[in-house]
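# Got a sequence here, can you build the structure:
(chains A and B)
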Number of protein chains: 2
Amino acid sequence: MMKVPKGTRDYKPEEEIVRQEVISIAVKHFKANGASPIATPVFEMRSLLQRNDQYGEETKLIYNLEDQGGEELSLRYDQTVPFARFLGMNRLSDFKRYQVATVYRRDQPSAAKGRYREFYQADYDFAGQSRLMLADSECMKIMDDIFRELNIGEFTNKFNHKVLLTGILEVCKVPADKFKTVCSSIDKLDKQPLAEVCAELVKVKNIPEEAVDSLKGFISLRTDNPEMPNGELLEALLAKAEGNENIIKGVEELRRLLKYCEGCHFGSRITFDPSLARGLDYYTGVIYETVITRWPFEAKDGKKKKSSKDDNVGSVAAGGRYDGLVKSISGYDVPCVGFSLGIERIFRLIERRNEALGIPPRRSDVDVFIIASASPDKLEDLEVPQMLLRYELQKVGLNTGYSCKPKLNIVRLFDRCEKDGVPLIVILGEEEYSRKMVKIRDVKARQDEEIALDDVLKKVLERLGR
Amino acid sequence: MMKVPKGTRDYKPEEEIVRQEVISIAVKHFKANGASPIATPVFEMRSLLQRNDQYGEETKLIYNLEDQGGEELSLRYDQTVPFARFLGMNRLSDFKRYQVATVYRRDQPSAAKGRYREFYQADYDFAGQSRLMLADSECMKIMDDIFRELNIGEFTNKFNHKVLLTGILEVCKVPADKFKTVCSSIDKLDKQPLAEVCAELVKVKNIPEEAVDSLKGFISLRTDNPEMPNGELLEALLAKAEGNENIIKGVEELRRLLKYCEGCHFGSRITFDPSLARGLDYYTGVIYETVITRWPFEAKDGKKKKSSKDDNVGSVAAGGRYDGLVKSISGYDVPCVGFSLGIERIFRLIERRNEALGIPPRRSDVDVFIIASASPDKLEDLEVPQMLLRYELQKVGLNTGYSCKPKLNIVRLFDRCEKDGVPLIVILGEEEYSRKMVKIRDVKARQDEEIALDDVLKKVLERLGR
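Okay, the predicted model is just below:
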């Protein structure tokens, strides 16, 4: 029996082509903002990854390598800890990097939800001191640019602030040693109703009812006021701050963030939400998460796809400021801010969009397919001319296809080109070739034209509109 | 102590940028020839990889994952076996694919020789029936195209044929059960003198002296006749064939291969060498290996770099026909031919070339760096204009840099741009900005010009020659 390991997948050409397009859009925007690429190994020293202070409960999901008489190694869980190690080893203090690579988690996989054990992430991070909110707002701008170009529905970038959240818990008199567990309950609000989360806080986590009641007043601010501008919501929250210094500091920083986002005209696609509480422990400042808010693509036949849990893809990108992580890992102190794109989820949405719009999958990027056609005993003589023609077209940057099958079924090749979306075919026929002519075929229109062999390059470029 | 695992490395930006350029050149030629991309997981079922018939002795170099209560998994050793699995699972019979990814070997690493335990390979393979030598010669053509574009010295593509080699061993009366071990001795000829290899055959491997003597006559044919055209060498070998059917069949196929290579005008960069005996057991037909034959790049100061073992990089690409592998793995019978580029070695050669030519390393692809310059209390007011200017430039495809450090040292930023090879700087000064003017600086010439803010985009594009 042949299979791939549980929770992993092969990318077939039609999938890999989409994935590479997503990556190239992300990389374009990373580079546009001056980021440099790095690459780190797929495994790290186990001692670097297996520390409870960075991944918490998730540590158990890390893949270990067998001890084969060498070092103890584990597969990377994310690209953030390797980046922190890289920064520490190279003592970098003003460095923007991007990295696109696979990460590994021994989680319960669910292909339907696009959740795998091996999956791609595209990360952007800035390491170094930043004037207040400058690098942070830049991250949100890049996320905005990427999702506008990806065209996978309306989206918003929800944001909050870890210090602000701490202030809220303080004001609500949540016991300090319960902050972490309360945050992880709040984090479920995108999947669970508020009442359930509050019940859990009281019954399972033993938070005093009064604390939960006042907490409710804060974390439901956005759902209670869905249309309120971010600035007003910030001020409404401040009005409930009772002079708490953490809330005051958080609001001040977020005001500045808003100013920059609005100054750059994407302020309408960001949403301040005081209930956003991203899981990972290492965040220290602004946190954010891009979510798709409206899915405008419907199948051509007008049928609406059955709504299912599968439709709720959750966040498609997330990140925040993590000022202490590098120091805790390497002893070298440099503040950081960044984000990570969930390539796999984005990729599924693009597939769904293309399906809805009737865009056929592409299996290759062939511009011109070349067929040599002759009686079996003469075919060999056409091989070199066919090759030379292909190489002539390749020289100007065209992608060429041909079949080297022993027996050619021309009708089948036509079909295949049609299915694969190849626009043009050039047919090098024995008889035509003897007259220095070839046929050129428009695949979609199913129309042939005889042209001079010498004109092929010119005609092909013309037909392709290049 | 922080470190990366033994035999692995981080790619810093100046390295990763070079690596990505190498990959993009390879991928361009793969696509030009109609190949489709696929991606397979970094680990496979251990039962797929740990079979002695495909990797032989090398099987012990495979990295295993710990059994953490799931399946038994191992990291891929190459991309060929995963491709064979992919073909079997998808029953493909006419499929060209390329894949660029890391592979893993617990070998003795040697950074000086560019030998790592995790390294990148770029593979091209064609699965399916091919008219005689058509797909094979295409592979050699693609290798030729790639190395011409890479510009890392003169090279040749050595080729031989597994069946021909078998015939030679038969004619020389090497005992049939010794074929494998004799081939692995012959394979050392690029590192060891012929006399040593022959001595090993007689003394260590107990091959009869007469057999080794006649073998010597065959495998030294190329070294004895370095300038002889491939076609003549083939005929010279045939003259010694004593009617052996395998030699006759091998020569016939290679004649056809030569015809196609010469027809496509790269016949002068291929070398028939009957002593080429590539290690892996699974090859069944043509085998080839690209080697750098002359290194024309010398340091500017005229000093020749000390010659060292390091200089001998061996082969930079290799491959061949493997018709039985997919069937032996999956039961599904499809013939294959392909090759693999040693990205790491190519990458080291490019670094050496650039060093010799005095080409400075690039750490980013920034076209324009933007500096906002104002007294500390006014800096905040320039942030939004600076952002808007950057985004305006990004919209036309330019990569922009800026610093968000709390205190800007402008002279230092000039230095950094010079070192990083950034061509232009735009300075948004407090006073100039109040007059709707900015300064534009040619980094290399160290010259500033004051221009109208509205003209920045136009001027920048002009200066960059876009």
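# Strands along the stretch 301-450 of chain A, start to end?
A:315-321, A:336-342, A:368-373, A:400-402, A:424-429, A:437-442, A:447-452 (DSSP state E, counting those that start in this stretch).
# Could you write out the alpha-carbon coordinates of the fifth one in CSV?
Think strand A:424-429. Below are the C-alpha coordinates for strand A:424-429, written out as CSV (Å, rounded to 0.1, in the frame of the first residue of the first chain):
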residue,chain,number,x,y,z
LEU,A,424,-1.7,27.4,-29.4
ILE,A,425,-0.5,24.4,-31.3
VAL,A,426,2.1,24.3,-34.1
ILE,A,427,1.9,21.2,-36.3
LEU,A,428,5.0,20.2,-38.2
GLY,A,429,3.6,17.9,-40.8
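# Please work out the angle formed by the directions of that strand and strand A:368-373.
Here strand A:424-429 runs at 20 degrees with respect to strand A:368-373, directions being taken by axes from the mean of the first three to the mean of the last three C-alpha atoms, to 10 degrees.
# near chain B at all, strand A:424-429?
No. On the criterion C-beta under 8 Å from any C-beta of the partner chain, strand A:424-429 is out of touch with chain B, staying 12.5 Å away. (Glycine included, C-beta is placed from N, CA and C.)
# what residues does that strand touch?
For strand A:424-429, contacts defined as C-beta atoms under 8 Å, 6 or more residues apart in numbering or on different chains pick out A:367-374, A:382, A:385-386, A:389, A:410, A:413-414, A:417, A:438-443, A:448, A:456, A:460, A:463-464.
# Mean neighbour count and mean pLDDT for the strands of the stretch 301-450 of chain A - can I get that in JSON lines?
Listed next are those as JSON lines, based on neighbours: other C-beta atoms under 10 Å in any protein chain shown; pLDDT from 0 to 100:
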{"stretch": "strand A:315-321", "mean neighbour count": "24", "mean pLDDT": "95"}
{"stretch": "strand A:336-342", "mean neighbour count": "24", "mean pLDDT": "96"}
{"stretch": "strand A:368-373", "mean neighbour count": "24", "mean pLDDT": "96"}
{"stretch": "strand A:400-402", "mean neighbour count": "24", "mean pLDDT": "96"}
{"stretch": "strand A:424-429", "mean neighbour count": "21", "mean pLDDT": "96"}
{"stretch": "strand A:437-442", "mean neighbour count": "18", "mean pLDDT": "97"}
{"stretch": "strand A:447-452", "mean neighbour count": "12", "mean pLDDT": "96"}
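# Give me the domain ranges for chain A.
A:13-357, A:368-464 (the TED database).
# What does the pLDDT read for A:C139?
Looking at A:C139, its pLDDT reads 97.
# Just give the number of residues close to it.
A:C139 has 23 neighbours, counted by other C-beta atoms under 10 Å in any protein chain shown.
# Please apply the same query to the one 4 residues further on.
As a burial measure, the neighbour count of A:M143 was computed by other C-beta under 10 Å and equals 27.
# what does the stretch 201-350 of chain A have sitting close to chain B?
When proximity is defined as C-beta under 8 Å from any C-beta, the stretch 201-350 of chain A approaches chain B at A:K259, A:Y260, A:G263, A:C264, A:I329, A:S330.
# Between the domains of chain A, which one is closest to B:N354.
domain A:13-357 (17.2 Å; C-beta to C-beta).
# to the chain's geometric centre, what's the distance from the closest one?
12 Å (C-alpha atoms, centre = their mean, to the nearest Å).
# residue boundaries of the strands in the stretch 51-200 of chain A?
Here the stretch 51-200 of chain A has its strands, by DSSP E, counting those that start in this stretch, at A:73-75, A:94-104, A:118-128, A:154-161.
# and among these, the most buried is which?
Most buried of these by mean neighbour count (mean count of other C-beta atoms under 10 Å in any protein chain shown) is strand A:73-75; its value is a mean of 24.
# That one near chain B at all?
Yes. Strand A:73-75 lies within reach of chain B by C-beta under 8 Å from any C-beta, at A:L73, A:L75.
# I'd like the strands of the stretch 51-200 of chain A written out as JSON lines, with mean pLDDT and distance to B:Q50 added.
Shown next, in JSON lines, are those (pLDDT from 0 to 100; distance: least, C-beta to C-beta, whole Å):
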{"stretch": "strand A:73-75", "mean pLDDT": "97", "distance to B:Q50": "19"}
{"stretch": "strand A:94-104", "mean pLDDT": "97", "distance to B:Q50": "21"}
{"stretch": "strand A:118-128", "mean pLDDT": "97", "distance to B:Q50": "20"}
{"stretch": "strand A:154-161", "mean pLDDT": "96", "distance to B:Q50": "46"}
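# I figured A:M140 hits A:F155, correct?
No. Counting by C-beta atoms under 8 Å, A:M140 does not reach A:F155; the two are 12.0 Å apart.
# Go through the domains of chain A and name the closest to B:T59.
domain A:13-357 (12.3 Å).
# Kindly check the end-to-end length of the closest one for me.
Using C-alpha to C-alpha, to the nearest Å, the end-to-end distance of domain A:13-357 comes to 20 Å.
# do stretch A:446-457 as well
20 Å.
# does chain B sit close to it?
No. Residues of stretch A:446-457 contacting chain B under C-beta under 8 Å from any C-beta: none, with a closest distance of 14.3 Å.
# which ones are touching the closest residue to A:D94 other than its chain neighbours?
Computed as C-beta to C-beta, 6 or more residues apart in numbering or on different chains, the closest residue to A:D94 that is not its neighbour in sequence is A:G128, at 4.1 Å. A:G128 makes contact with A:L92, A:S93, A:D94, A:F95, A:A135, A:V334, A:P335, B:C404, B:K405 under the criterion C-beta under 8 Å, 6+ apart.
# As a markdown table, these with distance to B:A236 would be great.
Below are the contacts of A:G128 laid out as a markdown table (distance: C-beta to C-beta, whole Å):
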| residue | distance to B:A236 |
| --- | --- |
| A:L92 | 60 |
| A:S93 | 66 |
| A:D94 | 64 |
| A:F95 | 60 |
| A:A135 | 69 |
| A:V334 | 67 |
| A:P335 | 71 |
| B:C404 | 70 |
| B:K405 | 70 |
